[in-house]
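Got a predicted model here, sequence first, then my questions.
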Amino acid sequence: MNPDKLFNYLEGKLPPAEREKFEDQLVRDPELQREFAMARKIHERMSGDVREVLLDEPPRGVDRSRRLMLRITIIFLALIFINTLVGVITIGILESKRHRIQNAAEQNRKDVTSALQKAATDALPTPTLDVDEIKIPVPAGQEDATVEKINAAAKQAGGSAAKNLSNENGTLVFAEVPADHSSQFRDALTKMGATLPATSNASPVNGNAILQIRITTQPR
């Protein structure tokens with residue numbers, strides 16, 4: 001923007017139509033807003049006489065020192081506008097570079113997290129849940145003793161068992177044993193009087209097998 005126009009606007013010398021057009025451009029143009037702010041500061045520091053010297057042809061008889069001051073002032077204003085423009089461009093480049101670095105770092109974090117999750121999934125075998133329920137009928141009052149026997153049999157097979165719920169439907173026990181010892185544990189349950197489901201799932205090849213066992217009370 002021509003400095004003359006900026007100063008003329010500040011001094012109210014623009015025609016109404018041109019003033020309205022300038023104000024509309026000022027609202028939409030951030031670069032013009034910065035130039036206008038700088039011109040307003042300079043205008044506030046300058047007297048009316050110096051303003052006349054900067055914008056009008058110097059009258060005849062002006063000494064060399066005043067002409068030199070005029071040239072220096074014009075050069076100074078030009079340097080200010082150039083520095084402002086260079087600063088804005090530099091800031092834009094740095095901000096763009098910073099956003100690219102942040103986006104690349106975020107993508108790297110996502111890739112590493114995904115790789116770690118995949119590695120953890122591949123490294124840990126998923127236990128196989130035998131959905132069929134094994135039932136062991138026992139006389140009343142023998143439920144806790146049977147739980148102990150199931151726990152002992154699970155330990156002998158290299159696993160463990162834990163009592164869960166007890167209600168009118170019986171006592172529920174969950175056992176987890178190595179897959180390759182699942183048949184050994186099932187045989188031990190059969191010796192306790194367990195009824196194995198006819199449609200029982202095949203034992204898994206690897207990992208652990210989890211079995212659901214329900215101890216029911218025989219009617220007297």
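Yep, it's here.

Could you give the average pLDDT over the strand or helix carrying Glu20?
Per DSSP states H and E, Glu20 falls inside helix 16-28. For helix 16-28, mean pLDDT is 85.

for the strand or helix carrying Leu94, packing partners?
In this assignment (DSSP H and E), Leu94 forms part of helix 64-123. Other helices and strands packing on helix 64-123, by 3 or more C-beta pairs under 8 Å, 6 or more residues apart in numbering; DSSP states H and E, are helix 30-45, helix 48-55. For glycine as for every other residue, the C-beta is placed from the backbone atoms N, C-alpha and C.

backbone phi and psi for Ala209, please?
Main-chain dihedrals, Ala209, degrees, to the nearest 10: phi -110, psi 130.

And for it, the neighbour number?
24 (other C-beta atoms under 10 Å).

Tell me the confidence at it?
pLDDT, read off for Ala209, is 86.

For it, list each beta-bridge partner.
In this entry, Ala209 is beta-bridged to Thr128, Val177, by DSSP bridges.

I'd guessed it sits against Val177; true?
Yes: under the criterion of C-beta atoms under 8 Å, Ala209 makes contact with Val177 at 5.9 Å.

least trustworthy helix or strand in this protein by mean pLDDT?
Using mean pLDDT, DSSP states H and E, helix 48-55 stands out as the lowest-scoring helix or strand of the chain, at a mean of 48.

Any stretches of the protein with poor pLDDT?
1, 3, 43, 46-65, 116-117, 119-132, 198-206, 220 (pLDDT under 70).

Where does the record place the domain boundaries for this protein?
The chain breaks down by automatic domain parsing into domains covering 3-119, 128-217.

most tightly surrounded among the ones you listed?
Sort the domains of the chain by mean neighbour count, taking mean count of other C-beta atoms under 10 Å, and domain 128-217 sits at the top with a mean of 16.

circling back to that earlier point, and the helix holding Glu20, what does it pack onto?
Judged by 3+ C-beta pairs under 8 Å, 6+ apart, helix 16-28 is in contact with helix 3-10, helix 30-45.

Could I get the ones you listed in CSV, plus columns for distance to Phe185?
Shown next, in CSV, are those (distance: least, C-beta to C-beta, whole Å):
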stretch, distance to Phe185
helix 3-10, 91
helix 30-45, 76
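
and Thr171, which of these is closest to it?
Thr171 sits nearest to helix 30-45 of all those, at 76.4 Å, using C-beta to C-beta.

Keeping just the C-alphas, turn stretch 171-178 into CSV.
Provided in CSV are the C-alpha atoms of stretch 171-178 (Å, rounded to 0.1, in the frame of the first residue of the first chain):
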residue,chain,number,x,y,z
THR,A,171,-21.4,-74.8,42.7
LEU,A,172,-19.5,-73.5,39.7
VAL,A,173,-15.8,-74.1,39.3
PHE,A,174,-13.5,-72.8,36.6
ALA,A,175,-10.3,-74.8,35.8
GLU,A,176,-7.4,-73.8,33.5
VAL,A,177,-4.9,-76.4,32.4
PRO,A,178,-2.3,-76.7,29.7
